[in-house]
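Participant: sequence and computational prediction follow.
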Amino acid sequence: MDPCPFVRLIVESLSLKLPVDPSKPAVAGGGVHPSATPCFCKLRLKNFPPQTALLPLSPSAAAASASSADDPPSDTATSAPGFHLDPAALRRLSGKPFALRVSVYSGRMGGRTCGVSGGKKLLGRVLVSVGLDGAQARPVVFQSGWLKLGPAPGKPAPARLHLVVRSEPDPRFLFQFGGEPELSPVVYQIQGSNIRQPVFSCKFSADRNCRSRSLPSDFTNTRGWMRTLSGERERQSRERKGWMVTIHDLSGSPVAAASMVTPFVPSPGSDRVSRSNPGAWLILRPNGYSVSSWKPWGRLEAWRERGPTDGLGYKFELVTEDGPTRGIPIAEATMSVKRGGQFSIDVGSSLKSPVKGFVMASTVDGEGKTSKPAVQVGVQHVTCMPDAALFIALSAAIDLSMDACQLFSRKLRKELCHDDQDCYT
């Protein structure tokens, strides 16, 4: 498999140094910062959504005589999410430098508190020139150190922003489902702008009576993995369970699977799956010929969030050799039920995880929309086809979770229903 070129634009080591206010008495022989409010910055790159990050304050040179204007930031320096440049963006931005604009504000991120405008104040801006020549082949540093924000009116000294802006090659494998996961589609690898090569096929099933067909026996009785359902008979029409997606290679051999191991059921007195009682999937990898002997690789929980707008909440963790209760969480977020979004695993270096950096991303369309997930997988996480198949199975599971978390007052499509359930065709 040949990957597609991606470049990750990283913005890190963010810290702010404010000028001291000489009109106020010093606490320890120097001036004091003129503002005790939080500070943050917005990063803008043309044709990309803006990124936002908190800015910790570094000691001022006047407040700490031992510090220097060129000192590195303190240990509290933060990082921004950064920008992922796909092949289309690389084609658009290559050839000439472009500007990354960083605007620094005092006040709270979001700008509203209890429904009232939060009174954020612009402290200044900096521009960092970025050029992508050679960035697909090697790391490039565009900025490292302190920059002046520019003197503010009536202020004798400018604030200073510390940041590191750099790029790293981040090649990825691209895949596209040929149809909705419940329709057992072919999965294509995308190479270039027009090349689609079939690499996997999916087989979806919804079998109510096969609760543990894909689980080793030591995973079936563990808290939070398989729920013992009291009153199961009277609640069968109020649960979604038994869904499974098996991923096959081109020879027809199964190489990965996603199995719904905890049913999706509404919380008492409601028609929604709650965070306190989520449904769950196991992502399985081969361990012998029979799927029932396969080993769990990851566990995905999903639920429906309450709020001003409904959201699909999810949590994904890697399963360890220590058992199902010792998983390593590596992704947790919420996406809009109406608009959909992107399921992403992007692990920062500060987290204790066996994986680092960009792992994968998969598109999820909103409720009721036709979904053909597009999947990106970092090259460093794929050594063979079964590795890639695990991420395909996970993508299918999060996409199907949008259906599984649909309000129970609504009907499912027929492919997702059992014989005794009400559904639409």
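Facilitator: Right, received. Where do you want to start?

Participant: ranges for the helices of the stretch 1-150 of the chain?
Facilitator: If DSSP state H, counting those that start in this stretch is used as the criterion, the helices of the stretch 1-150 of the chain fall at 87-93.

Participant: right, I mislabeled it, should have said the stretch 151-300 of the chain
Facilitator: With DSSP H, counting those that start in this stretch as the criterion, the stretch 151-300 of the chain has helices at 232-235.

Participant: pLDDT weak spots in it?
Facilitator: Counting by pLDDT under 70, the stretch 151-300 of the chain shows low-confidence ranges at 151-157, 208-237.

Participant: which residues of it fall in strands?
Facilitator: 160-169, 172-177, 186-191, 195-206, 243-248, 254-262, 279-285, 295-305 (DSSP state E, counting those that start in this stretch).

Participant: which one, of those strands, ends up nearest to Phe48?
Facilitator: Within those, the stretch nearest Phe48 is strand 160-169; the backing value is 14.0 Å (C-beta to C-beta). For every residue, glycine as well, the C-beta is placed using N, CA and C.

Participant: flag every buried residue along that closest one.
Facilitator: Using 16 or more other C-beta atoms under 10 Å as the test for burial, strand 160-169 gives Arg160, Leu161, His162, Leu163, Val164, Val165, Arg166, Ser167, Glu168, Pro169.

Participant: to Cys4, which of the strands of the stretch 151-300 of the chain lies closest?
Facilitator: Once the strands of the stretch 151-300 of the chain are compared by C-beta to C-beta, strand 172-177 is nearest, at 5.3 Å.

Participant: what number of residues lie near the closest residue to Glu305 other than its chain neighbours?
Facilitator: Nearest residue to Glu305 in three dimensions, chain neighbours excluded: Gly311, at 3.9 Å (C-beta to C-beta, 6 or more residues apart in numbering). Per other C-beta atoms under 10 Å, the neighbour tally for Gly311 reads 19.

Participant: so how far is Pro87 from the closest residue to Leu43 other than its chain neighbours?
Facilitator: Closest residue in space to Leu43, ignoring its immediate chain neighbours: Gln51 at 4.4 Å, by C-beta to C-beta, 6+ apart. Per C-beta to C-beta, to the nearest Å, Gln51 is found 21 Å from Pro87.

Participant: sorry, back to before: show me which of the buried residues of strand 160-169 is closest to Asp322.
Facilitator: Glu168 (32.4 Å).

Participant: the closest one reaches Arg8, doesn't it?
Facilitator: Yes - the criterion here is C-beta atoms under 8 Å, and Glu168 meets it with Arg8 at 5.1 Å.

Participant: wait, doesn't Leu9 sit right on Val165?
Facilitator: Yes - proximity of Leu9 to Val165 meets the contact threshold set by C-beta under 8 Å, at 7.3 Å.
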